[in-house]
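Trainee: Here's my sequence, what's the structure:
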Amino acid sequence: MSAFNRIIAETLPIVPRPIIRRFSKRYIAGESVDEMVATVKRLNAEGYLCTVDILGEFVKTAERAEASGEEYLRVMDEMVARGLKAKISVKLTQMGLLLDKELAFRIMERIVAKAETQGSFVRIDMEDSPTTSDTLDIYRRLRERFGHRVGPVIQAYLRRSASDIAELAKHRANVRICKGIYVEPRRIAFKDGEIINRNFARLVEMLLAAGGYVGIATHDERVIWKSFEIIDRLGLGPEQYEFQMLLGVEEDLRRMILDAGHRVRVYVPFGAKWHAYSVRRLRENPAIVGHVLKNLFA
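Mentor: This is a model prediction of the structure:
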């Protein structure tokens, strides 16, 4: 990444909110449910599936965690009422994981129970490494009750991920695999991009070969090409996997994947916490700043 991108990313916390809003507009579906619905309906009409994420994580009170859970339940009802082809994605720190693991589990239990009544699915997002084991533990407990109505995310840059996937493969789990964006120490995370890409492909193949369902979440065409090769070699149909991409990122590539006959799901974040999300994501991944600036001035 360029020094310019890094400098811009590091100065974002002091940039006025209206400017950040212009940066983030392409990547966040507004603040309201109506804005989210309009975005998802447009994407559905273009042939894409969606995952909806209500922004806000690392909550500091149990009351805020409970409120976040209730907000998800209301949004899930809206999604059904408005006929959206979309599921939800939830971060456990938004449900109070760092305050009380059992609180987070109870809130998630209500959310996944709602998904079960709707015939839907809940994706549990993966966050930074201190939460990885607790996140997988809560997923396992939910899986015992709800089966394939719930699925986790595994990050390819973590050294532990091959053993995690080996365990998930035993249950033919529905897993999103991504590279990972949190800054982690070398002792637990690969730092070389080529190694991360190879590990990503290894995890995809391990799960697909075991009969699991994989959300291949990447904008890296090298990883996408390798995933195509694995899918062809295993003789899989498009109902056994999907590609996943962020709203507003690599739209041409997204369309090419869809036109080639593959399922594509677009990750659609929205909500009042857009500013904190935007600043954090751009600081975690300064390389995207160049893309944002190019789109802004275009």
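Trainee: Please work out how many residues are found near Leu258.
Mentor: 16 (other C-beta atoms under 10 Å). Yep, even glycine has a C-beta here, placed from its N, CA and C like the rest.
Trainee: and it, that's in a helix?
Mentor: Yes: remark: Leu258 belongs to a helix, assigned using DSSP: H, G, I helix; E, B strand; the rest coil.
Trainee: so it touches Leu49, yeah?
Mentor: No: counting by C-beta atoms under 8 Å, Leu49 is not a contact partner of Leu258; they are 9.9 Å apart.
Trainee: okay, and the common contacts of the two?
Mentor: Residues touching both Leu258 and Leu49 (C-beta atoms under 8 Å, 6 or more residues apart in numbering) are Val264.
Trainee: Alpha carbons of whatever helix or strand Glu167 lives in, in PDB - could you do that?
Mentor: For Glu167, the host element (DSSP states H and E) is helix 161-169. The C-alpha trace of helix 161-169 is given here as PDB (Å, rounded to 0.1, in the frame of the first residue of the first chain):
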ATOM      1  CA  SER A 161      -7.700 -21.900  11.000                       C
ATOM      2  CA  ALA A 162      -6.800 -25.200   9.400                       C
ATOM      3  CA  SER A 163      -7.600 -27.100  12.600                       C
ATOM      4  CA  ASP A 164     -10.800 -25.100  13.100                       C
ATOM      5  CA  ILE A 165     -11.900 -26.000   9.600                       C
ATOM      6  CA  ALA A 166     -11.000 -29.600  10.100                       C
ATOM      7  CA  GLU A 167     -13.500 -29.600  13.100                       C
ATOM      8  CA  LEU A 168     -16.200 -27.700  11.200                       C
ATOM      9  CA  ALA A 169     -15.800 -30.100   8.200                       C
END
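Trainee: what pLDDT, on average, does that helix get?
Mentor: Across helix 161-169, pLDDT averages out at 98.
Trainee: Name the helix or strand for Ile88, please.
Mentor: Counting by DSSP H and E, Ile88 is part of strand 86-90.
Trainee: Send me the helix or strand just after that strand as CSV with only the CA atoms.
Mentor: The helix or strand immediately downstream of strand 86-90 is helix 101-118, counting by DSSP H and E. Only the C-alpha atoms of helix 101-118 are listed here, as CSV (Å, rounded to 0.1, in the frame of the first residue of the first chain):
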residue,chain,number,x,y,z
LYS,A,101,-20.4,-14.5,27.3
GLU,A,102,-23.7,-16.0,28.5
LEU,A,103,-25.5,-12.7,27.7
ALA,A,104,-24.2,-12.9,24.2
PHE,A,105,-25.3,-16.5,23.9
ARG,A,106,-28.8,-15.8,25.2
ILE,A,107,-29.3,-12.9,22.7
MET,A,108,-28.0,-15.0,19.8
GLU,A,109,-30.3,-17.8,20.9
ARG,A,110,-33.3,-15.5,20.4
ILE,A,111,-32.0,-14.3,17.0
VAL,A,112,-31.3,-17.8,15.6
ALA,A,113,-34.7,-19.0,17.0
LYS,A,114,-36.3,-16.3,14.9
ALA,A,115,-34.3,-17.3,11.9
GLU,A,116,-35.5,-20.9,12.3
THR,A,117,-39.2,-19.8,12.4
GLN,A,118,-38.5,-17.8,9.2
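Trainee: which other helices and strands contact helix 101-118?
Mentor: helix 62-81, strand 86-90, strand 122-124, helix 132-146 (3 or more C-beta pairs under 8 Å, 6 or more residues apart in numbering; DSSP states H and E).
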